[in-house]
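K.L.:
pasted the sequence and its predicted model underneath.
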Amino acid sequence: MSNSQKILFVASEAYPLIKTGGLGDVAGSLPAALKTLKQDVCIIMPAYREILQKVTGLTLISIHAEGVPETVRLLEGRFPGTSVKLLLVDSPHHFDRQGGPYLDAEGEDWTDNAERFATFAKTVSAVALNQTGLDWQPDVVHCNDWQCGLIPALLSLHPKRPATVFTIHNLAYHGYFHPDTFITLDLPKQLWGMHGLEFHGGLSFIKGGLAYADMINTVSPTYAKEIRSQALGYGLEGLLNYRAKRLTGILNGIDYKEWNPATDPHLAAPFNHRDLSGKALNKQALQQQFGLPQRANTPLFGLVGRLVEQKGIDLVLAIIPQLIAQNAQLVVLGSGDKRFQQSLLDIAAAHPYSVAVHIGYNEPLAHQIEAGADIFLMPSRFEPCGLNQIYSLRYGTVPIVRHTGGLADTVVDANEINIAAGSATGFQFETSTSDGLWTASQRAIQLYHTQPKVWQQLMVSGMKQDFSWKQSARHYLTLYEHAIQHRNDDVADMNRLAPVQAVPEWPL
Ligand code: ADP
């Protein structure tokens, strides 16, 4: 086991305080898992109104650090349900408002997002440099996604800085702004340039993480490879290839306390891999709740997630007529693009005995679908890690996934060899087409009907997999050690490469 490290974990969301997706799950679990491994860990987040309403017993700390506005303060407390120290960057003008962490009530980006997360980054950097009176200097600062991107860049300018790690949870989101923003945010001008924060003439927050962090990782080994290609690199593949020695993939864990079918309070009945009888009761309850005929031997498909193109919702829509023709049932929970929401609602209205849709975000219902469905659909075009297929494995709900990112790394296809070896846990397909998804769905339906013993073996093999955080947290410790070891190796290079340039015209 590694020696105890001081880790400052930086995130723009963390469950149960605030969550919009997988990053929230990771930030809600990994710091506590690191603490279990005897690390000295502290999580720092923006003091959103929603968090201020949830956390009690906060202490106020005034800060007088260079570059941090005087109106910004720190609040110190405990992360709920853990012994992890929580720091909140309290800038009321930026974070104490009604709405989501990144979007307003209309679902549009907050227009001052660049300023909000630049203020956050400057404050976190001051904390990381032990300039805020906390008397605590971290060894490693672990940053996540574009909202934290400026932190490794700002810290790179300080010789006595901690090592930095940057985790990409989804490279599709860059935090990309007008180049004038670079001036209005008053960022150090050495950071501008094609080897710095500039990207196609604009200001890219995520590039700060990719160019300046001592180590970079994504949330699965396969996605770490995929983002080095043109197809999934979003124009950043050149930089990622340049930094390939510092880039790795660590699979996310899941919170086994939250997601345990033997103890889950949201379920109609508990079950585990030794006794699956409760699973049938959950299926019945789910069918009843959604007004579907309560048929035990009908394959019930489930889908939970953001209803966006990334998740292959169009592919699901395309195969629904075939699912109905095969007498299968489908339950969908999610929200996202209006056109997908409407199409799903229309199909459910036309086929109320086969398809049921709930638009919205609903944590208990997500658990009930994972427990009640037989088969889980996750035909993502790309998937950095994906959590729902892991929850499905845990709940004996056989996943159908596209062979990409974390889906490829977590689901073992039920081909003849893998079935014979007892390692199969689900179904994979290669191409992002409705035919690809339908072929995999047909294989699943056939196996479900014709080989119940093999089907049960798939369920049990999935349920026995170990995707606990303990495993992943150990990998993160090794990553932190690498970051400390390679501190400044490339970053000095980046600063040498970065010429001070005039800000170009926008758009190019
Ligand atoms: P992403 O981060 O791309 O949205 P992940 O599969 O990594 O996808 O994580 C999604 C997380 O959000 C999971 O915990 C999932 O259960 C949850 N989730 C997504 N949509 C909903 C919803 N409508 N209701 C409840 N939970 C949801």
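P.N.:
Happy to help now that I have it.
K.L.:
can you list the residue ranges for helices in the stretch 351-500 of the chain?
P.N.:
363-372, 388-394, 405-410, 416-421, 434-450, 452-464, 469-485, 491-497 (DSSP state H, counting those that start in this stretch).
K.L.:
need the ones you listed in JSON lines with mean neighbour count, distance to residue 323 and mean pLDDT, can you?
P.N.:
Using the backbone N, CA and C atoms, a C-beta is placed for each residue, glycine as well. Listed next are the helices of the stretch 351-500 of the chain as JSON lines, based on neighbours: other C-beta atoms under 10 Å; distance: least, C-beta to C-beta, whole Å; pLDDT from 0 to 100:
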{"stretch": "helix 363-372", "mean neighbour count": "22", "distance to residue 323": "16", "mean pLDDT": "97"}
{"stretch": "helix 388-394", "mean neighbour count": "26", "distance to residue 323": "17", "mean pLDDT": "97"}
{"stretch": "helix 405-410", "mean neighbour count": "26", "distance to residue 323": "20", "mean pLDDT": "97"}
{"stretch": "helix 416-421", "mean neighbour count": "12", "distance to residue 323": "23", "mean pLDDT": "97"}
{"stretch": "helix 434-450", "mean neighbour count": "18", "distance to residue 323": "7", "mean pLDDT": "98"}
{"stretch": "helix 452-464", "mean neighbour count": "17", "distance to residue 323": "18", "mean pLDDT": "98"}
{"stretch": "helix 469-485", "mean neighbour count": "18", "distance to residue 323": "34", "mean pLDDT": "95"}
{"stretch": "helix 491-497", "mean neighbour count": "16", "distance to residue 323": "50", "mean pLDDT": "52"}
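K.L.:
what would those look like in JSON lines with distance to the ligand?
P.N.:
JSON lines is the format used below for those (distance: least, C-beta to the nearest ligand atom, whole Å):
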{"stretch": "helix 363-372", "distance to the ligand": "4"}
{"stretch": "helix 388-394", "distance to the ligand": "4"}
{"stretch": "helix 405-410", "distance to the ligand": "8"}
{"stretch": "helix 416-421", "distance to the ligand": "23"}
{"stretch": "helix 434-450", "distance to the ligand": "17"}
{"stretch": "helix 452-464", "distance to the ligand": "16"}
{"stretch": "helix 469-485", "distance to the ligand": "14"}
{"stretch": "helix 491-497", "distance to the ligand": "29"}
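K.L.:
and these as a markdown table, adding distance to residue 204?
P.N.:
Output for the helices of the stretch 351-500 of the chain, formatted as a markdown table (distance: least, C-beta to C-beta, whole Å):
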| stretch | distance to residue 204 |
| --- | --- |
| helix 363-372 | 33 |
| helix 388-394 | 29 |
| helix 405-410 | 22 |
| helix 416-421 | 41 |
| helix 434-450 | 33 |
| helix 452-464 | 39 |
| helix 469-485 | 22 |
| helix 491-497 | 14 |
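K.L.:
so residue 20 sits in a helix?
P.N.:
No: using DSSP: H, G, I helix; E, B strand; the rest coil, the assignment for residue 20 is coil, not a helix.
K.L.:
show the contacting residues for whatever residue of the stretch 151-300 of the chain ends up closest to the ligand.
P.N.:
Going by C-beta to the nearest ligand atom, the ligand is nearest to residue 170 of the stretch 151-300 of the chain, at 6.2 Å. Taking C-beta atoms under 8 Å, 6 or more residues apart in numbering, we find residue 170 in contact with 21-23, 145, 384.
K.L.:
in three-state terms, label it for me.
P.N.:
Reduced to three states by three-state DSSP, residue 170 is coil.
K.L.:
per-residue pLDDT, it?
P.N.:
At residue 170, the pLDDT value in this model is 91.
K.L.:
roughly how far apart are residue 351 and the ligand?
P.N.:
21 Å (C-beta to the nearest ligand atom, to the nearest Å).
K.L.:
that residue: neighbour count?
P.N.:
Taking other C-beta atoms under 10 Å as the criterion, the count of residues near residue 351 is 16.
K.L.:
residue 325 is in contact with that one, correct?
P.N.:
No: using C-beta atoms under 8 Å, residue 351 makes no contact with residue 325, being 10.7 Å away.
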